[in-house]
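Trainee: predicted model and sequence follow; I will ask about them next.
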Amino acid sequence: MAQKAKGDINKAGWESTDFPVLCETCLGDNPFIRMSKQDFGRSCGTCARPFTVFRWNPGAGMRFKNTVICQTCAKVKNVCQTCLLDLEYGLPTQVRDMALGVTNEAPTSDINREYYAQNMESKLQAGSTGIQGSGPTRSQSAGKEMLKQLARTDPYYKRNRPHICSFFVKGECNRGAECPFRHEMPVGDQHQNIEKNIQDRYHGREDPVAQRIMSTHAESQGLKPPDDTTITSLFLPSVPATSTEQSIRTSVFQSLSSVDPAEVKSIVHVAKTKCAFVNFKQRSTAEAAAYAWSNGLDIDGERVTVRWGRGKKKAADITPVPTPLVVVT
């Protein structure tokens, strides 16, 4: 073994596998699927290590698909090697991590990413399982319920269809039936490019698909962001009678482990009326908290509903009440 490692020292840590980690959608509905395998065909999109690339056609009329990240990175985040969606819920990692309160401190430089991946691979071989993250995991009922509501239970094979032909949209495609892309006009915002960098999609950073899913769910739960952008506070109308400011603060920070605690301006607990206010410094952070708390926030074993706070009325908008004139005779 020592001679083999010495003669192949440049391939230390490279990954070679016999079958990829895929979701049912990317695998397709064809039970007789054929795959091409290329050892060390490309570098992983997240850890930059060479890995075994698989390429296949998921079904008739579908586009060819291939793996873009290595198996180690896929197992660490429990995602598909092709679409990078969670294997259990079929959702982007940003949605899942925000609901469960999971944060990840994966390095960004090429050398550190490779070192991090090798350490994760050793832990996986030692029997460590689950999503790896540095922050606490929010095993609360509210977060899990939100994921169950958003999860896709059945495979969505339409995602494997060819992309829309951009030349057809412009009226310039002359390939006719031989064109490998779809000849149909986009509906709604389908023309917008929702593809993101692999690392951003993998680590859940500013994923447009995740943002759209979370904003739609928040609006359905009555947490549509108010038009007044100066409102950066969330209102907890009915906290438990036994709650204190410290217990509320602990629940807030545990559920927002991916958010910098410095972004929380203040937490005000009004014990007399059993309510609380969570004030943020920036509107974007308040919206992220509203997305995470769409199904409520668990405080001291009870689920508390969340609503947006109200803005302060400007002095110009307040109509002065005239003082009645009293005549003394």
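Mentor: Here it is on my side, so go on.
Trainee: so what's residue 278 closest to, chain neighbours aside?
Mentor: residue 234 (4.8 Å; CB to CB, 6 or more residues apart in numbering). Quick note: C-beta positions are derived from backbone N, CA and C, even for glycine.
Trainee: other residues contacting stretch 213-222?
Mentor: 91-92, 94-95, 98, 146, 149-150, 224-225, 290-291, 294-295, 307 (CB atoms under 8 Å, 6 or more residues apart in numbering).
Trainee: one step back: with just CA atoms, put the one helix or strand the residue nearest to residue 278 maps to into CSV.
Mentor: Here residue 234, judged by DSSP states H and E, is contained in strand 233-236. What follows is strand 233-236, C-alpha atoms only, in CSV (Å, rounded to 0.1, in the frame of the first residue of the first chain):
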residue,chain,number,x,y,z
SER,A,233,-39.0,44.4,13.5
LEU,A,234,-41.1,41.2,14.0
PHE,A,235,-43.8,41.0,16.5
LEU,A,236,-44.4,37.9,18.8
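Trainee: which strands and helices lie in contact with that strand?
Mentor: strand 275-280, helix 283-292, strand 307-308 (3 or more CB pairs under 8 Å, 6 or more residues apart in numbering; DSSP states H and E).
Trainee: what about 6 Å?
Mentor: In terms of contacts (3 or more CB pairs under 6 Å, 6 or more residues apart in numbering; DSSP states H and E), strand 233-236 is packed against strand 275-280.
Trainee: domain map for this structure?
Mentor: Split into domains by automatic domain parsing, the chain comes to 1-220, 222-308.
Trainee: hey, least reliable of those by pLDDT?
Mentor: Note on the domains of the chain: domain 1-220 shows the lowest mean pLDDT, a mean of 79.
Trainee: before we move on, back to that, what's the burial count for the residue nearest to residue 278?
Mentor: The number of residues packed around residue 234, counting by other CB atoms under 10 Å, is 22.
Trainee: ok, the residue nearest to residue 67 when sequence neighbours are not counted - contacts?
Mentor: Counting by CB to CB, 6+ apart, residue 67 lies nearest to residue 81, which is 4.1 Å off, once chain neighbours are set aside. Taking CB atoms under 6 Å, 6 or more residues apart in numbering, we find residue 81 in contact with 20-21, 67, 69, 74.
Trainee: bridging residues for the residue nearest to residue 278?
Mentor: residue 278, residue 308 (DSSP bridges).
Trainee: from residue 304, how far off is it?
Mentor: Note on residue 234: its distance to residue 304, by CB to CB, to the nearest Å, is 11 Å.
Trainee: what of residue 263?
Mentor: Going from residue 263 to residue 304 by CB to CB gives 20 Å.
Trainee: before we move on, what about residue 91?
Mentor: Residue 91 is 24 Å from residue 304, by CB to CB.
Trainee: what do you get for residue 287?
Mentor: From residue 287 to residue 304 the distance is 19 Å (CB to CB).
Trainee: please apply the same query to residue 184.
Mentor: Distance, residue 184 to residue 304, using CB to CB: 46 Å.
Trainee: tell me which of the two has more neighbours.
Mentor: A count of neighbours by other CB under 10 Å puts residue 304 above the other of residue 184 and residue 304, at 22 against 11.
Trainee: tell me the contacts of the more buried one?
Mentor: The neighbours of residue 304, taking CB under 6 Å, 6+ apart as the test, are 236, 239, 296-297.
Trainee: show me which of the residues you listed is closest to residue 35.
Mentor: Within the contacts of residue 304, proximity to residue 35 (CB to CB) peaks at residue 296, which comes in at 43.9 Å.
Trainee: returning to that earlier point: could you tell me which of the contacts of residue 304 belong to strands?
Mentor: Of these, the ones assigned to strands by DSSP state E are 236, 297.
Trainee: from the contacts of residue 304, which is closest to residue 26?
Mentor: So of these, ranked by how close each gets to residue 26 (CB to CB), first place is residue 296, at 33.1 Å.
Trainee: so the closest one versus residue 260, what's the distance?
Mentor: Separation of residue 296 from residue 260 (CB to CB) stands at 23 Å.
Trainee: between the contacts of residue 81, identify the one with the most neighbours.
Mentor: residue 69 (28 neighbours).
Trainee: helix, strand or coil: sort out that residue for me.
Mentor: At residue 69 the chain is in coil, as set by DSSP: H, G, I helix; E, B strand; the rest coil.
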